[in-house]
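Asks: below are the sequence and a predicted model; questions follow.
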Amino acid sequence: MTAFNPVTAILTQNKLEEKPGDDATDDEQKAYQKWVKADEMARCYILASMSNVLQHQHQSMESAYDILENLKEMFVDQNRVAKQTAMKDLLNTKMVEGSSVRDHVLKMMSLLNELEVLGANIDKDTQVEKMIMQTLPNSFQQFRLNYNMNKMDLSLTKLLNELQSAETIIKQQAPPVALDFE
């Protein structure tokens with residue numbers, strides 16, 4: 001058995017139109033045979049990686065392309081629902097005053113990563129400026145002002161570090177809370 005070649009596997013996702021006729025050149029015949037062999041290998045890898053139920057459902061399909069297309073049809077709606085749920089969670093998440101900025105930003109980063117895995121494409125500026133900065137409580141108003149006035153351009157990791165530094169300063173500047181025991 002030949003070694004698995006990812007390039008071959010990717011190329012076999014394309015469906016071959018039809019078998020070359022008797023008048024086809026040797027090169028066309030060889031190309032077809034090579035495609036058939038690569039497709040068989042891709043089918044084997046795909047089927048071997050499936051649960052028994054999915055294997056049984058797909059084993060009679062002619063090509064790796066047919067299997068992949070059927071899987072897309074089966075699972076595309078689940079992906080859409082998962083993406084919508086993650087986006088809703090992201091848009092509804094707001095940092096509560098007094099809670100940890102680190103925990104908040106890590107949660108937001110996790111949701112952004114989940115969306116990226118699900119196929120959402122949110123550019124870096126939108127992630128930082130709209131998805132994270134706008135979810136901070138009023139105590140971070142000065143930080144937002146500095147960020148915008150200085151036209152800062154931070155990665156999510158650097159933003160997290162800067163916000164943690166700002167949080168330390170904010171906590172030091174906060175007036176002490178007087179407890180009244182009457």
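Replies: Happy to help now that I have it.

Asks: from here on, contacts and neighbour counts on C-alpha atoms
Replies: Noted.

Asks: how about the longest helix along the chain: buried residues?
Replies: Scanning the chain for the longest helix, with DSSP state H as the assignment, gives helix 64-92. Buried residues in helix 64-92, counted by 16 or more other C-alpha atoms under 10 Å: 64, 65, 66, 67, 83, 86, 87, 90, 91.

Asks: relative to residue 117, how far out is the fourth one?
Replies: Read that as residue 67. 22 Å (C-alpha to C-alpha, to the nearest Å).

Asks: ok, now the second one?
Replies: Taking C-alpha to C-alpha as the criterion, residue 65 is separated from residue 117 by 22 Å.

Asks: and if you look at residue 105?
Replies: 18 Å.

Asks: over to residue 63?
Replies: According to C-alpha to C-alpha, residue 63 and residue 117 sit 27 Å apart.

Asks: tell me which of those two has more neighbours.
Replies: Counting neighbours by other C-alpha atoms under 10 Å for residue 63 and for residue 117 shows that residue 63 has the greater number, 20 against 12.

Asks: what's the spacing between that one and residue 45?
Replies: 12 Å.

Asks: go on, residue 160?
Replies: Counting by C-alpha to C-alpha, the separation of residue 160 from residue 45 is 41 Å.

Asks: these two: which has the busier surroundings?
Replies: Neighbour totals were compared for residue 160 and residue 45, and residue 160 leads with 20 against 14 (other C-alpha under 10 Å).

Asks: in three-state terms, how would the more buried one be classified?
Replies: Residue 160 carries the three-state label helix when classified by DSSP: H, G, I helix; E, B strand; the rest coil.

Asks: so which residue is dead centre in the chain?
Replies: In the chain, the centroid-proximal residue (C-alpha atoms, centre = their mean) is residue 117; its distance is 1.5 Å.
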